[in-house]
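Trainee: After the sequence you'll find the predicted model.
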Amino acid sequence: MSTPSPHTPSAPPSDPLAALAGLPGVTAAVDAVRTAVDRVYGHRVMRRRSTEVSGEAALRGARASAALSGADWALEEVRRRTDFGDAGEPRTVGAALRLNAEAGQLLGVWRQSPLRVLARLHVVACGTDADSVGRPRRAGEAVDGAGGDGLPLPSAGDVSARLDALAELVVAGSSAPALVQAAVVHGELLALRPFTSYNGLVARAAERLVLVGSGLDPKGVCPAEVGHAELADRYAEALAGYVSGTPAGVAAWIAHCGRAVELGARESTAVCEALQRGAA
């Protein structure tokens with residue numbers, strides 16, 4: 001990887017992500033996320049209706065991720081629609097919904113074969129069997145809706161090398177907090193834009209998968225995508241910090257992702273309150 005974030009020089013070779021947990025502000029972000037997640041899981045509604053809360057969180061997360069990819073639809077429109085077409089905004093919304101439904105089926109595969117999971121996520125998002133689907137882009141292939149907000153697009157060779165490095169980190173495992181692991185996966189995929197399309201949707205689905213699979217949010221009731229959408233005006237700046245590879249930039253990205261999880265947890269707490277009142 002060309003960004004030093006997952007390979008900080010002072011990090012032990014066996015667990016390079018662990019060093020990121022000690023960056024300024026990261027411990028506070030991790031603690032704040034834990035408090036927010038615990039608040040949702042401690043709500044009395046979660047004891048009886050967690051499946052409903054999880055389903056609503058997935059829907060809201062998909063809507064938010066699609067909004068960040070240019071399809072900013074009202075929640076009720078997403079809830080109402082059944083036909084998402086094959087082009088434009090409807091296709092983007094449909095892709096986001098499919099990804100959130102599929103991610104939960106891939107939890108058992110992620111730690112053993114993350115590249116296989118990423119390929120599957122791209123296939124699900126695209127919904128086609130075109131030659132470019134489900135594989136890293138090749139030299140000369142354009143990226144549709146690059147999503148890098150003006151950041152340089154890594155070469156196909158860099159993409160292949162850095163994807164392999166990311167996969168090695170995932171398979172090796174880490175003692176780093178779930179937030180740190182999820183933020184690195186999200187940031188690296190956004191920085192690389194490894195596919196010819198839907199990179200933002202895939203990156204956010206992978207972040208969700210890490211948060212759920214790590215045990216931080218096992219029921220998927222804290223949709224970080226909702227927070228990222230709420231913080232959309234800071235998303236590009238935070239990503240640029242990650243790509244810079246500086247300790248301050250990487251720490252700011254992790255804190256940004258932490259705040260997104262907190263806002264997702266707040267969203268689901270509001271859902272719990274509505275269910276308790278009988279308003280949802």
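Mentor: All right, it came through fine. Numbering: from 1, shown residues only.

Trainee: Give me the mean pLDDT for stretch 15-27.
Mentor: Model confidence over stretch 15-27, given as mean pLDDT, is 95.

Trainee: before we move on, what about stretch 221-231?
Mentor: On average, the pLDDT along stretch 221-231 is 98.

Trainee: Would you mind pulling the contact partners of that stretch?
Mentor: The contact list for stretch 221-231 (C-beta atoms under 8 Å, 6 or more residues apart in numbering) reads 36-37, 40-41, 46, 50, 53-54, 57-58, 60-62, 64-65, 67-68, 182, 204, 207-208, 211, 235, 238, 256-257, 259-265, 267-268. All C-beta atoms are positioned from the backbone trio N, CA, C, and that covers glycine.

Trainee: The residues you listed in helices, which ones?
Mentor: Counted as lying in helices by DSSP state H, out of the contacts of stretch 221-231, are 36-37, 40-41, 46, 50, 53-54, 57-58, 60-62, 64-65, 67-68, 182, 204, 207-208, 211, 235, 238, 256-257, 259-265, 267-268.

Trainee: what's the burial count for residue 161?
Mentor: 15 (other C-beta atoms under 10 Å).

Trainee: swap in the one 10 residues further on?
Mentor: Other residues within reach of residue 171 by the criterion other C-beta under 10 Å amount to 13.

Trainee: Which other helices and strands does the one helix or strand residue 161 maps to contact?
Mentor: Assigned by DSSP states H and E, residue 161 belongs to helix 156-172. Counting contacts by 3 or more C-beta pairs under 8 Å, 6 or more residues apart in numbering; DSSP states H and E, helix 156-172 packs against helix 114-126, helix 178-192.

Trainee: Read off the pLDDT value for residue 3.
Mentor: Per-residue confidence (pLDDT) for residue 3: 44.

Trainee: wait, I meant residue 128
Mentor: Confidence score, pLDDT, at residue 128: 83.

Trainee: circling back to that earlier point, list the buried residues of the helix holding residue 161.
Mentor: Judged by neighbour count (16 or more other C-beta atoms under 10 Å), helix 156-172 contains these buried residues: 158-160, 162-163, 166-167, 169-170.

Trainee: ok, and what's touching it?
Mentor: 1-2, 6-7, 14-17, 110-115, 118, 136-141, 154, 184-185, 188-189, 192-194.

Trainee: That helix to helix 114-126, inter-axis angle?
Mentor: Following axes from the mean of the first three to the mean of the last three C-alpha atoms, to 10 degrees, one obtains 120 degrees for the angle between helix 156-172 and helix 114-126.
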